[in-house]
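# Fold the following for me, if possible:
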Amino acid sequence: MTDLSTRAVVTADGDAGAASARPAPRRRRTPAKVRAGLWTSYLILIGLALIYIYPFILSVAGSFKTDADATQNGLSLLPETVTFAAYERLFTDVPFPLWFGNTVFITVIVTLGRVFFDSLAGYALSRLKFRGRTFVFLFFIGVLAVPGVVLLIPRFLILQQLGIYDTYAGMIIPLLSTAAGVFIMKQFFDSIPVSIEEAARIDGAGQFRTFWSVVLPMARPALITLIILSFQGSWNELQHFIVSRQSPELNTLTTGVASLVSGQLGSGNQFPLQLAAAVLMTIPVAVLFFVFQRRIMNTTAGAEKG
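Okay, the predicted model is just below:
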């Protein structure tokens, strides 16, 4: 019995020694041409990123300059004298808090409205059978090809005829739905199996309840995409706000910054003041994008996964 145990120990030690004596498998080295191609691609991407981010860095640096320094050394990234005077003026001499409040109020309502109405319209075009459905969908596709500038004058005339020009209603209602949002939701709803809705209807759910409780929660990737695009679009909207209002009390961040650029609120170039307003205006959209960037879906890929 003792001999067998000893042999087992020796055998085990021998196997362990043989295993440790075996050379570790070598990793395959990437060919030199492939590595050179990768490094070239990385350098090109870094260069493109710097080209796109340089104007924003320049804006941040310029917002801490004096008016004279911003005029003489506009492309310099290092201010001669770092000052917060531009940011202080935004909250003392300029009604920046009013612009910010109007923008937040309009953006929240428009984003919620687009998510609700675009989802309803997309579901109707995807599921409901009615005469002219194909024509309506093609109409939405055609609207995507129309430049927004073409619609400014008709929109202005409609707002005046309805009596909502220069009001919050006139600024919000025309933005509550977009053809692009309807298209995104319709394409995603097409990817959801109809059998899921049939099971809900067997349980006694109506059309709207099936949409709200069953289908809409499954469209979360499309909803997140729509929320981000709607928030960004309404936050940065300028053309519509120019033709839908004229009272200074209804200024948003975009129209307020435009008035700074045009010199309506003071003399001189006021470059640091304008750049400080632009930097603060960019922060909410940048934060939203970085928080949800991984959830921004490709419409086709999202439809296939659904």
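# can we go C-alpha only for contacts and neighbour counts from here?
Fine.
# how deep is P97 tucked in, by neighbour count?
14 (other C-alpha atoms under 10 Å).
# pretty sure V285 contacts Q232?
Yes: between V285 and Q232 there is a contact at 6.2 Å, judged by C-alpha atoms under 8 Å.
# Show the low-confidence segments of the stretch 201-306 of the chain, by residue range.
Judged by pLDDT under 70, the stretch 201-306 of the chain has its weakly predicted residues at 263-269, 293-306.
# so where do the helices sit in it?
According to DSSP state H, counting those that start in this stretch, the stretch 201-306 of the chain carries its helices in the segments 207-210, 216-218, 220-235, 239-244, 253-261, 271-292, 299-305.
# Among those helices, which comes closest to V149?
Closest to V149 of these is helix 239-244 (C-alpha to C-alpha; 7.6 Å).
# Give me the buried positions along the closest one.
Across helix 239-244, burial judged by 16 or more other C-alpha atoms under 10 Å covers H240, F241, I242, V243, S244.
# I'd like to know which elements that helix is packed against.
helix 152-162, helix 168-172 (3 or more C-alpha pairs under 8 Å, 6 or more residues apart in numbering; DSSP states H and E).
# Name the residues that touch that helix?
149, 152-153, 155-156, 159, 165-167, 170-171, 252, 255 (C-alpha atoms under 8 Å, 6 or more residues apart in numbering).
# Looking at those, spot the one nearest K65.
Lowest distance from K65 to the contacts of helix 239-244 (C-alpha to C-alpha) belongs to T255, with 23.5 Å.
# how deep is the closest residue to the closest one other than its chain neighbours tucked in, by neighbour count?
Using C-alpha to C-alpha, 6 or more residues apart in numbering and skipping the chain neighbours, the partner closest in space to T255 is L238 (6.3 Å). Per other C-alpha under 10 Å, the neighbour tally for L238 reads 16.
# Now stretch 166-173: average pLDDT?
Mean pLDDT, computed over stretch 166-173, is 94.
# who touches that stretch?
I106, I109, V110, L159, I164, H240, F241, S244, R245, Q246, S247, L250.
# same thing but at 10 Å, please
102, 105-107, 109-110, 113, 155-156, 158-160, 162-165, 234, 240-250 (C-alpha atoms under 10 Å, 6 or more residues apart in numbering).
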